[in-house]
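Peer 1: next come a sequence and a model predicted from it.
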Amino acid sequence: MAENSDTETVRKELEKQIGDLRKEVSKLSKTVSARTEEIYKQARDEAEEAYESASRQARGAAKQVRRQAYAVSEAIKENPGTAATVLSSAGLLGFLIGLVVGQAISSSNDRSSRWY
C-alpha cells in the first residue's frame with residue numbers, strides 16, 4: 001500500500017510539473033508571438049521609409065533629367081549648326097577610335113593562326 005501512495009504522489013507531482021511546463025510554454029509562445037509581430041511592424045515601417053525616400057529621390061532625379069533635356073533641346077534649337085557639328089564630330093571620333101582599337105586587336109593576334 002505504501003508503494004501505491006508513493007506512486008500516486010509521484011504521479012500527482014509529475015502532473016503538476018507538466019501543467020507548470022504547459023503554462024511556461026504558453027507564456028513563451030505568447031512572448032515570441034508578440035516579439036515577432038513587433039519585429040514585423042518595425043521591418044515594415046523601415047521598408048516604407050526606405051521606399052518613400054527612394055521615391056522622393058527618383059522624383060527629384062526625374063525632374064533634373066527633364067530640366068537638363070529641356071536645356072539641351074533649347075541649346076540645339078538656338079544653335080542647330082553647332083549641334084550638328086558636335087554630333088558629327090562625336091560620331092566620327094567614335095568611328096576612328098573603333099578603327100584604332102580594331103587594328104590594335106587584330107595586329108596583336110598571331111597571323112599564322114588565322115583561317116583566312
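Peer 2: Noted; the coordinates are in hand.
Peer 1: going forward, measure contacts and count neighbours with C-alpha atoms only.
Peer 2: Will do.
Peer 1: break this protein down into its domains, please.
Peer 2: Each domain of the chain is listed here as a residue range: 1-78, 80-109, per automatic domain parsing.
Peer 1: could I get those domains as CSV with mean neighbour count?
Peer 2: Listed next are the domains of the chain as CSV, based on neighbours: other C-alpha atoms under 10 Å:
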stretch, mean neighbour count
domain 1-78, 12
domain 80-109, 12
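Peer 1: just put these in JSON lines and tack on mean pLDDT.
Peer 2: Conversion of the domains of the chain to JSON lines gives the following (pLDDT from 0 to 100):
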{"stretch": "domain 1-78", "mean pLDDT": "91"}
{"stretch": "domain 80-109", "mean pLDDT": "89"}
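Peer 1: what about the helix or strand that contains residue 23, distance to the chain center?
Peer 2: Secondary structure assignment for residue 23, by DSSP states H and E: helix 2-78. Helix 2-78 sits 18 Å away from the centroid of its parent chain (C-alpha atoms, centre = their mean, to the nearest Å).
Peer 1: ok and the helix or strand that that helix is followed by relative to helix 2-78, angle-wise?
Peer 2: Past helix 2-78, further along toward the C-terminus, the next helix or strand under DSSP H and E is helix 80-108. Between the axis of helix 80-108 and that of helix 2-78 there is an angle of 120 degrees, by axes from the mean of the first three to the mean of the last three C-alpha atoms, to 10 degrees.
Peer 1: off-centre distance for helix 80-108?
Peer 2: Averaged C-alpha coordinates place helix 80-108 at 37 Å from its chain's average position (C-alpha atoms, centre = their mean).
Peer 1: which neighbouring elements make contact with it?
Peer 2: Contacts of helix 80-108 with other secondary structure elements, assessed using 3 or more C-alpha pairs under 8 Å, 6 or more residues apart in numbering; DSSP states H and E, are absent: no helix or strand is involved.
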